[in-house]
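Peer 1: My questions are about this predicted structure, shown below with the sequence.
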Amino acid sequence: MTDIKKQLGKKVKELRLRAGYSQEELASRAGLHRTYMSDIERGKRNVSIENIKKIADALNVDPSELLKFHQ
């Protein structure tokens with residue numbers, strides 16, 4: 001089974017690229033630090049539900065979209 005943190009990071013990166021944002025721009029829109037966003041995308045952070053909501057809002061998606069993983 002793939003690590004859930006890596007799955008979340010892959011999904012955030014996929015949606016970020018689809019939106020045309022750099023990591024820095026997404027972090028700014030979400031009110032988070034760029035290095036924190038990098039850590040999320042690399043599966044190095046255990047992301048709180050509050051930050052999942054901030055990222056989802058910055059990407060203009062429902063928070064549940066960040067948890068829909070490809071198998």
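Peer 2: The structure has been received and is ready for your questions. Numbers count the residues shown, from 1 in each chain.

Peer 1: now the strands: where do they sit in the protein?
Peer 2: With DSSP state E, there are no strands along the chain.

Peer 1: other SSEs contacting the longest helix anywhere in the chain?
Peer 2: Secondary structure of the chain read by DSSP state H shows that its longest helix is helix 4-19. Helix 4-19 is packed against helix 23-30, helix 34-41, helix 49-59, with contacts defined by 3 or more C-beta pairs under 8 Å, 6 or more residues apart in numbering; DSSP states H and E. To be clear about C-beta, it is placed using only N, CA and C from the backbone, and glycine gets the same treatment.

Peer 1: export the first one as CSV, just CAs?
Peer 2: Read it as helix 23-30. Written as CSV, here are the backbone C-alpha positions of helix 23-30 (Å, rounded to 0.1, in the frame of the first residue of the first chain):
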residue,chain,number,x,y,z
GLN,A,23,4.5,25.8,-5.6
GLU,A,24,5.3,29.4,-4.4
GLU,A,25,2.0,30.8,-5.9
LEU,A,26,-0.1,28.0,-4.4
ALA,A,27,1.6,28.4,-1.0
SER,A,28,0.9,32.1,-1.1
ARG,A,29,-2.7,31.6,-2.1
ALA,A,30,-3.2,29.1,0.7
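
Peer 1: how about the residue most central in space within the chain, what does it touch?
Peer 2: Centrality entry for the chain: nearest residue to the mean C-alpha point is Val12, 3.2 Å, by C-alpha atoms, centre = their mean. Under the criterion of C-beta atoms under 8 Å, 6 or more residues apart in numbering, the contact list for Val12 reads 26, 37, 40-41, 55, 59, 66.
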